[in-house]
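>>> Generate a structure from the sequence data that follows.
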Amino acid sequence: MGDFLRFGILNHPQVEAAYYDWLGSVQRITVERSLPDPKLTFQAYIQKSLTSLMPGLMQEFPGPGKLTAAANVASAEARTKYFAFETAAFQTAFAVKQAYYGLCFLDEKIRIQRDTLRLLSGLEKIARAQNDVGKATLQDVYRAQIERDRLATETVNLEDSRRPLTARFKAALGLTRDRPDPPLPTRFESTPLELSGDELLDTAFARNPRLKAMESDVRLAEASIALAGKSKVPDFSAGLQAEVYEPPFYWPQASMSLPLWRDKIAAQIAAAQAGKRAAEARLSAEQIGLTVDFAMRTYDYREMTRDLALLQNQLIPKARQSLEIARGSYLGGQIDFFNLIDTERTLLNYQLQEVEARARREIILAELSLSIAGIAPPGAPVLR
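So this is what the prediction gives:
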């Protein structure tokens, strides 16, 4: 499992795209905190001939605190991009686990179906023997054959479903169609989760990448408010020109912007404040949604655990015993073949329900660990 998870996270293009989005946003911090490029200027006076030529250099200087404020905005954006990258990594890990469990439990279903087919072959032989001695009609043989053929078709369908499940597993690993199929898992590994309910919820609020991204959006909005507040600060520029024909003769230059449009500045600040309120509201909504998701997933986990205990400890053992009793009762002529087949179907259904419950519980564990708690799998390229 660990090998599959590491490969999927490091190879999937969705994770790669999110990583480079984050890397580009980190580089933008340097861009935002740097001065604008200086300008090379030329000025000339021409009457009947060129009488003056003055090359120069001009540098713009944003108002005090503007570069720092812009760098803070870029830094907050980079942090948001990082958590988007982390979310992509966790989503890929969950997709790998989901496909992995699908393949593992498919083998379990096929094994159960094949065991039941062998059981039905034995029941058909019993029906034939009973028919030969006049204790049963040929109808019992046909019923056994009908049940066997039905189950054989279902088994073929299950075996055929391996192809789309393999394709989903391959896609979760980020492998394109021209790449060879990956090796399929050979043994089942459960998702470890050793935290209690309260500890898990606390971990989710501390580590959930979607939640952290929403918190970063709030920090971004606060930085945007600070940057918008700097709009009332004037910008400056300074330069120097030199006369080519009459050196050393220099023309110093300086300018300052006049932030007079107060309604424009107020609108920029108001827009930034509205963005912060929206980010705070989204964060609150995400916290509420996370709490509900956690409650639902933990309930589903407890329900699946109880159902599994019932199936493994009570229903399946009793269904096996009931089938053995029904087989003996049929041989003794105490029940008809319909009751015997019904007992066999009951055992098969319980066995398949047990496999489905195990698969569902593992997926719930993966959701709790990755999508809700934000616990990174070993080897994941995340910073926490």
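>>> When you work out contacts or count neighbours from here on, use the C-alpha atoms and nothing else.
Noted.
>>> Quick check: phi and psi at residue 180.
Torsion angles at residue 180 (phi, psi; degrees, to the nearest 10) stand at phi -70, psi 160.
>>> which residue sits closest to residue 353, ignoring its sequence neighbours?
Sequence neighbours aside, residue 311 is the residue nearest to residue 353 in space, at 8.0 Å (criterion: Cα to Cα, 6 or more residues apart in numbering).
>>> give me the number of residues near that neighbour?
Look at residue 311: counted by other Cα atoms under 10 Å, it has 20 neighbours.
>>> just residue 67 next, same as before
Residues near residue 67, counting by other Cα under 10 Å, number 19.
>>> can you tell me how far it sits from residue 241?
27 Å (Cα to Cα, to the nearest Å).
>>> how about the helices in this protein?
2-11, 13-33, 66-132, 138-160, 162-172, 197-207, 209-229, 262-310, 316-331, 337-366 (DSSP state H).
>>> Deepest-packed of these, please.
Compared across these, helix 209-229 shows the largest average neighbour count, a mean of 23 (mean count of other Cα atoms under 10 Å).
>>> Could you export it as CSV, CA atoms only?
Taking C-alpha atoms only, helix 209-229 is exported to CSV below (Å, rounded to 0.1, in the frame of the first residue of the first chain):
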residue,chain,number,x,y,z
PRO,A,209,-6.1,20.9,4.0
ARG,A,210,-9.4,22.4,2.8
LEU,A,211,-9.8,24.1,6.2
LYS,A,212,-6.2,25.3,6.1
ALA,A,213,-6.8,26.7,2.6
MET,A,214,-9.9,28.6,3.9
GLU,A,215,-7.8,30.0,6.8
SER,A,216,-5.2,31.1,4.3
ASP,A,217,-7.9,32.8,2.2
VAL,A,218,-8.7,34.9,5.3
ARG,A,219,-5.1,35.8,5.8
LEU,A,220,-4.9,36.7,2.1
ALA,A,221,-8.0,39.0,2.5
GLU,A,222,-6.3,40.7,5.5
ALA,A,223,-3.2,41.2,3.5
SER,A,224,-5.3,42.6,0.6
ILE,A,225,-6.9,45.1,3.0
ALA,A,226,-3.5,46.3,4.1
LEU,A,227,-2.4,46.6,0.5
ALA,A,228,-5.5,48.5,-0.4
GLY,A,229,-4.9,50.9,2.6
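>>> tell me what that helix is packed against?
If you count contacts as 3 or more Cα pairs under 8 Å, 6 or more residues apart in numbering; DSSP states H and E, helix 209-229 packs onto helix 66-132, helix 262-310.
>>> looking at the ones you listed, which is closest to residue 343?
helix 66-132 (11.7 Å; Cα to Cα).
>>> Model confidence for residue 194, exactly?
Note on residue 194: pLDDT of 64.
>>> So for residue 256, which of the helices and strands packed on helix 209-229 sits nearest?
Between the helices and strands packed on helix 209-229, helix 66-132 lies closest to residue 256; by Cα to Cα that is 14.6 Å.
>>> In terms of secondary structure, what does the closest one contact?
helix 2-11, helix 13-33, helix 138-160, helix 162-172, helix 209-229, helix 337-366.
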